[in-house]
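A.B. asks: Following is a predicted model, sequence given first.
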Amino acid sequence: MNKKTSKSKSANLKKSRSMTRRKFLTATAASVGGAAAIGFPMISRAEVTSLRFQSTWPSKDIFHEYALDYAKKVNDMTGGELKIEVLPAGAVVPPFGLLDAVSKGTLDGGHGVLVYHYGKQNALALWGSSPAFGMDANMMLSWHKYGGGKELLEKIYKSIGANVVSFPYGPMPTQPLGWFKKPITKVADFKGIKYRTVGISIDLFTGMGAAVNALPGGEIVPAMDRGLLDAAEFNNASSDRLLGFPDVSKVCMLQSFHQNAEQFEITFNKTKYDALPEKIRSIIAYATDAASADMAWKAIDRYSTDYIEMQTKQGVKFYKTPDSVLEKEIEIFDQVMAKKSAENPLFKEVIDSQRKYAERAVRWDLDTNVNRRMAYNHYFAPKKGAPKKA
């Protein structure tokens with residue numbers, strides 16, 4: 001064998017061994033890959049959908065906190081597949097411009113109240129701004145979910161061309177009559193006062209003799225401070241305290257029928273919402289229910305704390321609204337209701353639906369639930385003959 005032949009055989013042997021080694025590694029990799037596919041499935045990362053929301057509340061208000069709470073619940077429950085960012089009032093549009101911004105897609109969604117859309121269709125104010133035939137806010141949500149309210153709201157939004165999906169949630173406690181220079185003792189005290197409210201309450205308090213001005217939350221106290229308003233209502237002890245009402249008034253009248261059954265509203269741009277996977281849409285619905293309950297519990301804790309501290313630390317005096325004023329509110333709202341129903345078939349349709357639901361629901365509630373004042377007085381009211389605390 002010559003040297004040339006020997007080199008050729010050696011080269012062929014190395015080539016053969018190299019091919020064998022490559023086949024072995026390929027087969028091994030395939031085997032391992034197959035085993036991995038069976039025993040260790042690959043985890044695919046879902047695409048993250050980001051939505052930009054705006055609330056109708058200042059960043060420090062507890063209402064904006066509720067909006068952030070809602071977004072966190074949705075973000076957590078979707079495992080990060082949906083990420084909602086919530087901006088405060090005015091970041092993109094003014095508070096009363098939220099519905100248009102969401103409908104047009106300028107914003108993907110928002111957190112507010114239905115009464116802020118009163119100018120678009122006055123029937124929207126009936127989700128909270130009325131005596132509600134004796135229903136409280138939780139019962140109003142029950143009517144919305146199980147008594148036909150949801151379908152009526154969809155019909156109303158369709159009538160005004162609003163491209164939104166709406167989720168009313170978060171039952172609010174009865175709102176105060178408001179903050180005044182001196183206690184309200186009779187209906188005549190409203191004659192000529194410059195008063196802030198919104199929605200159908202504008203018609204209500206105009207009927208009681210007030211000169212009404214609708215302002216968003218952040219503008220109320222400055223207007224009172226400059227004398228542009230004599231009195232105003234907003235919502236609750238925590239929000240009112242943060243907005244600075246105790247700095248411009250030391251008199252707050254509790255209890256009123258003008259907004260005794262209001263709730264919040266989460267809105268989504270319908271085009272964006274419909275494009276979400278069915279699983280995500282289901283999570284949004286359940287997260288809304290969860291946020292509704294959690295908000296109600298948080299409100300009890302925070303509102304009661306601020307209610308006490310405004311009295312003990314800021315010298316605020318709270319008074320119960322006289323029954324004569326409450327009765328007048330109902331009487332005037334009956335007139336408003338008749339007028340609006342005659343002018344607007346959708347308004348009448350909502351009123352008729354709420355009346356029918358309230359007739360049985362409120363009767364059941366009043367007959368079933370015990371009056372808690374007796375128990376409270378037993379445990380906490382001063383006992384006759386008991387020595388006064390030092």
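C.D. replies: The structure has been received and is ready for your questions.

A.B. asks: From here on, just use CA atoms for contacts and neighbour counts.
C.D. replies: Fine.

A.B. asks: Helix, strand, or coil at residue 265?
C.D. replies: Three-state assignment for residue 265 (DSSP: H, G, I helix; E, B strand; the rest coil): strand.

A.B. asks: Skipping adjacent residues, who's closest to it in space?
C.D. replies: Spatial nearest neighbour of residue 265, chain neighbours left out: residue 168 (4.2 Å); criterion: Cα to Cα, 6 or more residues apart in numbering.

A.B. asks: Quick check on the one you found: phi, psi?
C.D. replies: Residue 168 has phi and psi values of phi -60, psi 140 when expressed as degrees, to the nearest 10.

A.B. asks: quick one: low-confidence parts of this protein?
C.D. replies: When residues are selected by pLDDT under 70, those of the chain lie in 1-46, 385-390.

A.B. asks: Count residues in the vicinity of residue 343, would you?
C.D. replies: Residue 343 has 11 neighbours, counted by other Cα atoms under 10 Å.

A.B. asks: Same check on residue 380?
C.D. replies: Count around residue 380 with other Cα under 10 Å applied: 8.

A.B. asks: Run through the residues that contact it.
C.D. replies: Residues near residue 380 by Cα atoms under 8 Å, 6 or more residues apart in numbering: none.

A.B. asks: Also residue 98?
C.D. replies: If you count contacts by Cα under 8 Å, 6+ apart, then residue 98 has 54, 56, 110 around it.

A.B. asks: ok, now with 10 Å
C.D. replies: Going by Cα atoms under 10 Å, 6 or more residues apart in numbering, residue 98 touches 53-56, 89-90, 92, 106-107, 109-113, 116-117, 267.

A.B. asks: Can you turn the buried subset of those residues into a selection I can paste into PyMOL?
C.D. replies: Burial among the contacts of residue 98 is assessed by 16 or more other Cα atoms under 10 Å; the matching PyMOL selection reads:
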select buried, resi 53+54+55+56+89+90+92+107+109+110+111+112+113+116+117+267
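
A.B. asks: Of the contacts of residue 98, which belong to strands?
C.D. replies: Judged by DSSP state E, the subset of the contacts of residue 98 located in strands is 53, 54, 55, 109, 110, 111, 112, 267.

A.B. asks: nearest to residue 365, of those residues?
C.D. replies: residue 112 (28.1 Å; Cα to Cα).

A.B. asks: my read: the closest one touches residue 94, true?
C.D. replies: No - shown here, residue 112 and residue 94 do not form a contact pair, counting by Cα atoms under 10 Å, at 11.7 Å.

A.B. asks: joint contacts of the two?
C.D. replies: Common neighbours of residue 112 and residue 94 (Cα under 10 Å, 6+ apart) are 54, 55, 56, 57.

A.B. asks: Name whatever forms a beta bridge with the first one.
C.D. replies: Assessed by DSSP bridges, residue 54 has beta-bridge partners residue 87, residue 110.

A.B. asks: which residues sit in contact with it?
C.D. replies: Residue 54 is in contact with 64, 67, 84-95, 98, 101-102, 107-112, counting by Cα under 10 Å, 6+ apart.

A.B. asks: What separation do you get for it and residue 107?
C.D. replies: 7 Å (Cα to Cα, to the nearest Å).

A.B. asks: what's the answer for the third one, then?
C.D. replies: Here the distance between residue 56 and residue 107 works out to 13 Å (Cα to Cα).

A.B. asks: Now the common contact residues for those two.
C.D. replies: Shared contacts of residue 56 and residue 107 (Cα under 10 Å, 6+ apart): 93, 98.

A.B. asks: Setting the sequence-adjacent residues aside, check what's closest to residue 213.
C.D. replies: residue 196 is the one closest to residue 213 (Cα to Cα, 6+ apart), at 4.9 Å.

A.B. asks: now the ones in strands among the contacts of residue 98 as a markdown table including distance to residue 177?
C.D. replies: Shown next, in a markdown table, are these (distance: Cα to Cα, whole Å):
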| residue | distance to residue 177 |
| --- | --- |
| 53 | 31 |
| 54 | 28 |
| 55 | 24 |
| 109 | 31 |
| 110 | 27 |
| 111 | 24 |
| 112 | 21 |
| 267 | 28 |
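
A.B. asks: Closest one of these to residue 242?
C.D. replies: For the ones in strands among the contacts of residue 98, the nearest to residue 242 is residue 55 (16.6 Å; Cα to Cα).

A.B. asks: Go ahead and confirm that closest one touches residue 95.
C.D. replies: Yes - between residue 55 and residue 95 there is a contact under Cα under 10 Å: 7.5 Å.

A.B. asks: CA-only coordinates of stretch 359-379 in CSV, if you can.
C.D. replies: Presented in CSV, the C-alpha positions along stretch 359-379 are these (Å, rounded to 0.1, in the frame of the first residue of the first chain):
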residue,chain,number,x,y,z
GLU,A,359,-92.2,47.4,45.0
ARG,A,360,-91.3,43.9,46.1
ALA,A,361,-87.6,44.3,46.8
VAL,A,362,-88.0,47.2,49.2
ARG,A,363,-91.0,45.6,50.9
TRP,A,364,-89.0,42.5,51.5
ASP,A,365,-86.1,44.5,52.8
LEU,A,366,-88.1,46.6,55.2
ASP,A,367,-90.1,43.6,56.5
THR,A,368,-87.1,41.4,56.9
ASN,A,369,-84.1,43.4,58.2
VAL,A,370,-84.2,44.5,61.8
ASN,A,371,-83.8,48.2,62.7
ARG,A,372,-80.2,48.4,64.0
ARG,A,373,-80.7,51.7,65.9
MET,A,374,-82.1,49.8,68.9
ALA,A,375,-79.0,47.6,69.2
TYR,A,376,-76.6,50.5,68.7
ASN,A,377,-78.3,52.6,71.3
HIS,A,378,-78.3,49.7,73.8
TYR,A,379,-74.5,49.3,73.5
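
A.B. asks: Any chance you could list what contacts it?
C.D. replies: When contacts are defined by Cα under 10 Å, 6+ apart, stretch 359-379 is touched by residues 133, 134, 135, 136, 139, 140, 142, 143, 355, 358, 381, 383.

A.B. asks: For that stretch, what is the distance to the chain centroid?
C.D. replies: 27 Å (Cα atoms, centre = their mean, to the nearest Å).

A.B. asks: Would you map the helices across the stretch 151-300 of the chain?
C.D. replies: 200-207, 217-225, 237-243, 245-248, 270-274, 278-314 (DSSP state H, counting those that start in this stretch).

A.B. asks: Thanks a lot, catch you later.
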